[in-house]
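Enquirer: Let me see the structure of the following:
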Amino acid sequence: MSRVLYLSEVAKYIENLNPEDHARLTRTRQLFEERGFIVGQKYVKKIARGSLWELRAGKIRLFLCIRGNTAVGVHILQKKSQKLPLKDVKLAERRCKQL
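Expert: Alright, predicted model coming up:
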């Protein structure tokens, strides 16, 4: 994987993360940029048909839409339960289709 970009809504959310979560997300993103999908399911998992993936950084989940060798962060959330909220998955899918 070459690089990870963010939609403006996602970038604003990341700016407001506490320092610990921000550092964890930054490390995970850098690992993904260096190694791509071979980082394994601990850090990245396909969550929908098409090109929508979930980048896992502790309790933070960044939804990525893959376009060529670029991943675009289309939605981000702080996970509070085992299951991903369906409304967040649908929102990420919608934003991915708009790219």
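Enquirer: Give the burial count for residue 31, as a bare number.
Expert: Residue 31 is flanked by 16 other residues according to other CB atoms under 10 Å. Using the backbone N, CA and C atoms, a C-beta is placed for each residue, glycine as well.
Enquirer: Repeat that for residue 24.
Expert: Residue neighbour count, defined by other CB under 10 Å, stands at 17 for residue 24.
Enquirer: Now name the helix or strand holding it.
Expert: When secondary structure is defined using DSSP states H and E, the element that contains residue 24 is helix 19-35.
Enquirer: List of residues touching that helix?
Expert: For helix 19-35, the external contacting residues (CB atoms under 8 Å, 6 or more residues apart in numbering) are 1-4, 14, 17, 39, 43-44, 55-60, 62, 71, 78.
Enquirer: Any of the residues you listed buried? List them.
Expert: Burial of these was assessed by neighbour count (16 or more other CB atoms under 10 Å); the buried members are 1, 4, 14, 17, 39, 43-44, 55-57, 60, 62, 71.
Enquirer: which residues sit in contact with the residue nearest the centre of the chain?
Expert: For the chain, residue 62 is the residue whose C-alpha lies nearest the centre (CA atoms, centre = their mean; 2.3 Å). For residue 62, the contact set (CB under 8 Å, 6+ apart) comprises 10, 25, 29, 54-55, 73, 75-76.
Enquirer: got the angle for the helix or strand that contains it vs helix 19-35?
Expert: When secondary structure is defined by DSSP H and E, residue 62 falls within strand 60-67. Direction vectors for strand 60-67 and helix 19-35, defined by axes from the mean of the first three to the mean of the last three CA atoms, to 10 degrees, enclose an angle of 30 degrees.
Enquirer: Please spell out which residues along the very next helix or strand once past strand 60-67 are buried.
Expert: Sequence order places strand 70-78 as the next helix or strand after strand 60-67, per DSSP H and E. By neighbour count, with 16+ other CB under 10 Å as the criterion, the buried positions of strand 70-78 are 71-77.
Enquirer: For the helix or strand where residue 89 lies, could you pull out the residues that count as buried?
Expert: In the assignment (DSSP H and E), residue 89 maps to helix 86-98. Of the residues in helix 86-98, those buried under the neighbour-count criterion (16+ other CB under 10 Å) are 89, 92-93, 95-96.
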